[in-house]
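*Asks:* what follows is a predicted protein model with its sequence.
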Amino acid sequence: MTDQPPVLELRQITKKFGPVVANDRVDFDLRAGEVHALLGENGAGKSTLMSVLYGLYSPTSGEILVDGRPARIDSAGDAIDLGIGMVHQHFMFIPVMTIAENIVLGNEPVKAGPLGRLDRRTAHQRVRELSDRYGLAVDPGARIEDVSVGMQQRVEILRALYRNARILVLDEPTAVLTAQEITELMAVLRRLKDDGTAIVFISHKLGEVLEIADRVTVLRRGRSMGTVPRAGATQQSLARMVVGRDVIFQVEKDPHEPGAPILTVEDLRALDDRGLEAVRGATLHVRGGEIVALAGVDGNGQTELVQAITGIRPVEAGRVEVDGADITGRGVRAATAAGVAHIAEDRQRLGLVLPFTLAENLGLRRYRHEPLSRRGWLNLGAFTALAKRLLAAFDVRGGTPGTLAAALSGGNQQKLCIAREIDSDPKLLVAHQPTRGLDVGAIEFVHSQLIAQRDAGRAVLLVSLESEEVRSLADRILVIYEGRIAAEFPPDASEEELGIAMTGGGAGTASAA
């Protein structure tokens, strides 16, 4: 492979947004049948670089070569014509349309005749043939809004392949996938690689990079730190390139001394968005000074349970109490007033108001109180001062207090949410996938913050699909299965024990209540 000429070269790419330099003379190349990973901190310029390649941004300077020839890419259409496909971090679908309709959109097979109507049979057939070829099993007739995130990931890849992509860019493709879906995606990428597809793999998960990549390029603050082969690379060496220092992968914490229960949930029942019962009599408690981790296969009621506790979702039956205050079904404002902070699973839909500035988003929990407001008037200077303090303390990059939240990278949006919630001095911190999309340095920082909350006597309910995160942070592990707390384990429980309980096949060592 190393003797093959590159199918893609980015030479000295610079991209500026006003005074902000997102990419600074970056070189990158890619060969057929290769997976080239792109690593970097949140806001390091990875997505910007690939957006330049895909025609979403025009480079300030630099050159793009495809098959050794200079290429001008002014739009996604130009990129597609050159055989470049991109699967974005946040999927881009029309939810009410079927899988087949989303895949063929813009290049639809049509029936003969003056009206040019969509030939659905042919569309379904082409999608099936493509999915069979690459092992990407989908139901062409299913609506996008009705399928899992993992299925949507497959559809995004199929859509690029349908347009004859031979260069495929995957931006954080595993960020929202379950462990099983990640395994399936890796198998798909190997098949694509064997078929000669050139793949750019953007990720923060170093283990996945070492598993799938042939080469790794690291960006830091918009500049390339170099390209290394996978052979000989380690998580420690890559992390050092990413953040410029050694990273502690093992969470360090002292023995905990829990106090009285802060969160009490009794026989809680809640429905999902389809009106089906998703939480089926869940009972649990979290004491001050402890981290309780909720583990389970995605889709077993975690989201609905968290939303019922934090006031987002109505409660059908049962009770939620925070430090003696009954907040059952009383909404978000009552939960907030009782001392609940919530790092939401979906930062864009539930965690932030994207058209608001960073200062406005950081003030969302406090805008009714001094110093952010007085006698019904907002104090914009206080908003700015709060934002400056939190942006620095939590290393949120890519903007100033007046920058719109939509302009930040996904990882920095996540850090913005975390900063606001932790700074609210909560009694109960509900952290739902708190490190999703974060780089290794930011993950280390967030873990230390969660431990600090616990050591300060606060109750922390951690909901994560990352097994290692659960086992390293938790003082107790609760397993949720089909909407019920099925088992409780100590943090030193084995992967096998947890796995059995998460699939309904075992019991823990103690009652969850």
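*Replies:* Okay, I see it.

*Asks:* tell me which stretches of the stretch 1-150 of the chain form helices.
*Replies:* Per DSSP state H, counting those that start in this stretch, the stretch 1-150 of the chain carries helices over the ranges 46-53, 76-81, 99-104, 120-134, 149-162.

*Asks:* dump the residue contacts of the nearest residue to Val322 once chain neighbours are set aside.
*Replies:* If you skip the residues right next to it in sequence, Val322 has Ala338 as its closest partner in space, 4.3 Å away by Cβ to Cβ, 6 or more residues apart in numbering. Just so you know, the C-beta spots here come from the backbone N, C-alpha and C atoms, and that holds for glycine as well. Listed by Cβ atoms under 8 Å, 6 or more residues apart in numbering, the contact partners of Ala338 are 322-323, 325, 327, 427.

*Asks:* quick one on the thing from earlier: make a markdown table out of the helices of the stretch 1-150 of the chain and add distance to Glu266, mean pLDDT and mean neighbour count.
*Replies:* Shown next, in a markdown table, are the helices of the stretch 1-150 of the chain (distance: least, Cβ to Cβ, whole Å; pLDDT from 0 to 100; neighbours: other Cβ atoms under 10 Å):
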| stretch | distance to Glu266 | mean pLDDT | mean neighbour count |
| --- | --- | --- | --- |
| helix 46-53 | 44 | 93 | 25 |
| helix 76-81 | 51 | 92 | 16 |
| helix 99-104 | 41 | 90 | 25 |
| helix 120-134 | 46 | 88 | 16 |
| helix 149-162 | 31 | 84 | 21 |
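
*Asks:* for ChimeraX, write a command that selects the buried ones of the contacts of Ala338.
*Replies:* Filtering those down to the buried ones (16 or more other Cβ atoms under 10 Å) takes a single ChimeraX command:
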select :322,323,327,427
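
*Asks:* for the residue nearest to Val322, give me the pLDDT.
*Replies:* Reading off the confidence values, Ala338 has pLDDT 96.

*Asks:* distance check, it against Glu370.
*Replies:* Plainly put, Ala338 is 20 Å away from Glu370 if you go by Cβ to Cβ, to the nearest Å.

*Asks:* same thing with Gly43?
*Replies:* 32 Å.

*Asks:* who has more neighbours, the two?
*Replies:* Applying other Cβ atoms under 10 Å to Gly43 and Glu370 shows that Gly43 carries more neighbours, namely 26 against 10.

*Asks:* in this structure that one contacts Ser409, no?
*Replies:* Yes: with the criterion set as Cβ atoms under 8 Å, Gly43 and Ser409 qualify as a contacting pair; they are 4.8 Å apart.

*Asks:* now the common contact residues for the two.
*Replies:* Jointly contacting Gly43 and Ser409 under the rule Cβ under 8 Å, 6+ apart are 397-398.

*Asks:* count the neighbours of the closest residue to Gly77 other than its chain neighbours for me.
*Replies:* Closest residue to Gly77 in three dimensions, ignoring its sequence neighbours and counting by Cβ to Cβ, 6+ apart: Gly55, at 7.4 Å. Gly55 is surrounded by 22 other residues when neighbours are defined as other Cβ under 10 Å.

*Asks:* same question, the one 5 residues further on
*Replies:* Around Thr60 there are 15 other residues, counting by other Cβ under 10 Å.

*Asks:* that one reaches Lys16, doesn't it?
*Replies:* Yes: under the criterion of Cβ under 8 Å, Thr60 lies in contact with Lys16, with a separation of 4.7 Å.

*Asks:* state the mean pLDDT of the one helix or strand Arg420 maps to.
*Replies:* Assigning secondary structure by DSSP states H and E places Arg420 in helix 410-422. Taken as a whole, helix 410-422 has a mean pLDDT of 91.

*Asks:* and the next element down the chain from that helix?
*Replies:* strand 428-432.

*Asks:* what about Arg349, which SS state?
*Replies:* When the structure is reduced to helix, strand and coil (DSSP: H, G, I helix; E, B strand; the rest coil), Arg349 reads as helix.

*Asks:* pLDDT at it, what is it?
*Replies:* You'll see Arg349 listed with a pLDDT of 87.

*Asks:* that one and Gly441, how far apart?
*Replies:* Distance of Arg349 to Gly441, computed by Cβ to Cβ: 26 Å.

*Asks:* cool, Leu177 as well?
*Replies:* Relative to Gly441, and taking Cβ to Cβ, Leu177 is found at 23 Å.

*Asks:* A strand includes Leu219, no?
*Replies:* Yes: the assignment for Leu219 (three-state DSSP) places it in a strand.

*Asks:* now it. Nearest residue, chain neighbours left out?
*Replies:* Of all residues not flanking Leu219 in the chain, Gly40 sits nearest, at 3.7 Å (Cβ to Cβ, 6+ apart).

*Asks:* the one you found and Val242 touch, don't they?
*Replies:* Yes: shown here, Gly40 and Val242 form a contact pair, counting by Cβ under 8 Å, at 6.1 Å.
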